[in-house]
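Engineer: missing the sequence, but the structure's below:
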């Protein structure tokens, strides 16, 4: 072997910029890939392109006024983010929420989760080169958005939860439409299975891409469907039932392989479980008020620090608030799932081929505004 | 060798099954609308920007210039002014501006209003060339409205 060949090999290494405007990063995420031919030697995510100082904004206005900001962090799980924040303030101020409001929160949150998973389903397959599924998924998702728009007034960044309840009661039309949707989606799921899940190309592209082990997930704080794809049955709705989740019968889907295909199946099966929760909640929906009457106009939180965690579509969402006794929080910290989930990329995607990096990142279901906040 | 052919066969079959789904969709009703020419009705609960309601009894708005909406707005997008006028009880609204570029449709102003003077409008086709296009004078809008 002569020296020329070795030098030649070194010249094969180059740096490839994936993003900030790359379709498969779904937002402005930049990944610096150190490549050797088709193989990735060192992937490094670069963050900060959509940083909007949400946490800092929270320190400048009354605690309640931060509610619209929570929806802007994760625009796909807006209702769940709203719910988490409302629960945090209720916990801090010691406010009881009417049972009907809790049920409505669960129904809307689960619809929101299905909507988020359907968008991920379509967009992920679009990244992999399948165009048709996104059209079908959007067709179904549109029904959820229309139903939610009817009560929340908006389609994406809902500001529906209030401290002490929700701002508007649901009506019979909403219940009817939701029931019709559950039936519709249940009828459509076999179609999705035929179209995508059984497809040999999809399986070949996803199987054994990424190797998530429970140990790796614990090290990086990976939560949500990825953790469940690694075989850990951890879902906050079961592990630490908040709101009224303890009253519903549902399963936590898990897989053992820890690859992109496992994550795909976990999310897909979660849609069915969310449908089950919505159906049970509609059956059990109690009568009554949707807003606690005794909520003070100026919400003074007692001195101390408060924490509240909920299960967002992408994993564990946690709010942390420090109060100095005034109505303006001293500090708000948001622990968003995608940030931790993204941090595994340098380790998991090392040594992959570039097409597999797209598969692997798609399985993370990243929402970039949530990473940067 | 046998596994190879089994996979080949099941793989090819899975593609055919997938194609029948798309073929069926080809002959099913269209779910989209041709937007600018065809429009879907907006739900009455749609949250557009806020507007002062015209009271059918008095023929004018119901604002009492208390300023609650201005104080409660998380983004400071509302500004209003009022003055004392002779022969009228309370203050009279002279200016009500909304900076729609900052509004996030949270609804705090609508909910806090003691006289229910505010409501969401259903304008959804809002686009403009300058920032000032979105500085609405709501008092002027309510006076101009039929």
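Structural biologist: Looks like it came in fine. The model shown is predicted, which means the values in this text are computed figures rather than measured ones.
Engineer: Can you list phi and psi of the residue in the stretch 201-350 of chain A that chain B sits nearest to for me?
Structural biologist: Closest residue of the stretch 201-350 of chain A to chain B, C-beta to the nearest C-beta: residue A:201 (7.6 Å). Backbone N, C-alpha and C define where each C-beta goes, glycine included. Main-chain dihedrals, residue A:201, degrees, to the nearest 10: phi -70, psi -40.
Engineer: Find the nearest non-adjacent residue to residue 66, please.
Structural biologist: This is for chain A. Nearest residue to residue A:66, sequence neighbours excluded (C-beta to C-beta, 6 or more residues apart in numbering or on different chains): residue A:58, at 4.6 Å.
Engineer: not quite, I wanted chain B
Structural biologist: Going by C-beta to C-beta, 6+ apart, residue B:66 has residue B:114 as its nearest residue, at 6.4 Å.
Engineer: Who are the contact partners of the one you found?
Structural biologist: Residue B:114 sits next to B:64, B:66, B:68 when contact means C-beta atoms under 8 Å, 6 or more residues apart in numbering or on different chains.
Engineer: so which strand or helix has residue B:94?
Structural biologist: Per DSSP states H and E, residue B:94 falls inside strand B:91-99.
Engineer: Report the contact partners of residue A:278.
Structural biologist: Residue A:278 neighbours (C-beta under 8 Å, 6+ apart): A:106, A:107, A:110, A:111, A:114, A:178, A:182.
Engineer: what's the single longest helix in the chain?
Structural biologist: In the absence of a named chain, chain A is used. helix A:99-127 (DSSP state H).
Engineer: Sorry, I should have been clearer: chain B.
Structural biologist: Longest helix in chain B, counting by DSSP H: helix B:2-26.
Engineer: Can you list the buried residues in that one?
Structural biologist: Going by neighbour count (16 or more other C-beta atoms under 10 Å in any protein chain shown), the buried part of helix B:2-26 is B:14, B:18, B:21, B:25.
Engineer: Just give me how far it sits from the chain centre.
Structural biologist: Once both centres are worked out by C-alpha atoms, centre = their mean, to the nearest Å, helix B:2-26 turns out to sit 45 Å from its chain's centre.
Engineer: could you say what helices and strands the helix or strand following that helix packs with?
Structural biologist: Remark: after helix B:2-26, the chain's next helix or strand is strand B:50-52, criterion DSSP H and E. Judged by 3 or more C-beta pairs under 8 Å, 6 or more residues apart in numbering or on different chains; DSSP states H and E, the packing partners of strand B:50-52 are strand B:118-120, helix B:138-144.
Engineer: what would the ones you listed look like in CSV with distance to residue B:106 and mean pLDDT?
Structural biologist: Below are the helices and strands packed on strand B:50-52 laid out as CSV (distance: least, C-beta to C-beta, whole Å; pLDDT from 0 to 100):
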stretch, distance to residue B:106, mean pLDDT
strand B:118-120, 11, 87
helix B:138-144, 17, 81
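Engineer: Let me know which of the ones you listed is the nearest to chain A.
Structural biologist: Of all these, strand B:118-120 comes closest under C-beta to the nearest C-beta, at 6.7 Å.
Engineer: Packing partners of the longest helix of chain A?
Structural biologist: Checking 3+ C-beta pairs under 8 Å, 6+ apart, helix A:99-127 ends up next to helix A:78-93, helix A:132-152, strand A:165-166, helix A:172-192, helix A:260-284, helix A:354-363.
Engineer: rewinding a little: what residues does the residue of the stretch 201-350 of chain A closest to chain B make contact with?
Structural biologist: B:11, B:15.
Engineer: for the residue positioned nearest the centre of chain B, phi and psi?
Structural biologist: Centroid check for chain B by C-alpha atoms, centre = their mean gives residue B:48 as the closest residue, at 2.3 Å. Phi and psi for residue B:48, reported as degrees, to the nearest 10, are phi -90, psi -150.
Engineer: That one and residue B:122 touch, don't they?
Structural biologist: Yes - Residue B:48 is in contact with residue B:122 according to C-beta atoms under 8 Å; the separation is 5.4 Å.
Engineer: Which residue, other than its chain neighbours, is closest to residue A:270?
Structural biologist: Computed as C-beta to C-beta, 6+ apart, the closest residue to residue A:270 that is not its neighbour in sequence is residue A:253, at 5.8 Å.
Engineer: how about the one you found, secondary structure?
Structural biologist: coil (DSSP: H, G, I helix; E, B strand; the rest coil).
Engineer: got the contact list for it?
Structural biologist: A:228, A:265, A:266, A:269, A:270, A:273.
Engineer: one step back: can you tell me which of the buried residues of helix B:2-26 lies closest to residue A:17?
Structural biologist: When the buried residues of helix B:2-26 are ranked by distance to residue A:17 (C-beta to C-beta), residue B:18 comes first, at 34.4 Å.
Engineer: Look up how far chain A lies from the closest one.
Structural biologist: According to C-beta to the nearest C-beta, to the nearest Å, residue B:18 and chain A sit 5 Å apart.
Engineer: is it true that that residue touches residue A:192?
Structural biologist: No - using C-beta under 8 Å as the test, residue B:18 is too far from residue A:192 to be in contact (10.4 Å).
Engineer: Quick one: the contacts of residue B:114 as JSON lines, columns for pLDDT, secondary structure and neighbour count too.
Structural biologist: Output for the contacts of residue B:114, formatted as JSON lines (pLDDT from 0 to 100; DSSP: H, G, I helix; E, B strand; the rest coil; neighbours: other C-beta atoms under 10 Å in any protein chain shown):
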{"residue": "B:64", "pLDDT": "85", "secondary structure": "coil", "neighbour count": "17"}
{"residue": "B:66", "pLDDT": "86", "secondary structure": "coil", "neighbour count": "17"}
{"residue": "B:68", "pLDDT": "85", "secondary structure": "helix", "neighbour count": "18"}
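Engineer: Format the residues you listed as a markdown table; extra columns: distance to residue A:85.
Structural biologist: Converted to a markdown table, those look like this (distance: C-beta to C-beta, whole Å):
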| residue | distance to residue A:85 |
| --- | --- |
| B:64 | 32 |
| B:66 | 28 |
| B:68 | 23 |
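Engineer: List just the nearest of the residues you listed to chain A.
Structural biologist: Among those, and counting by C-beta to the nearest C-beta, the member closest to chain A is residue B:68, at 9.2 Å.
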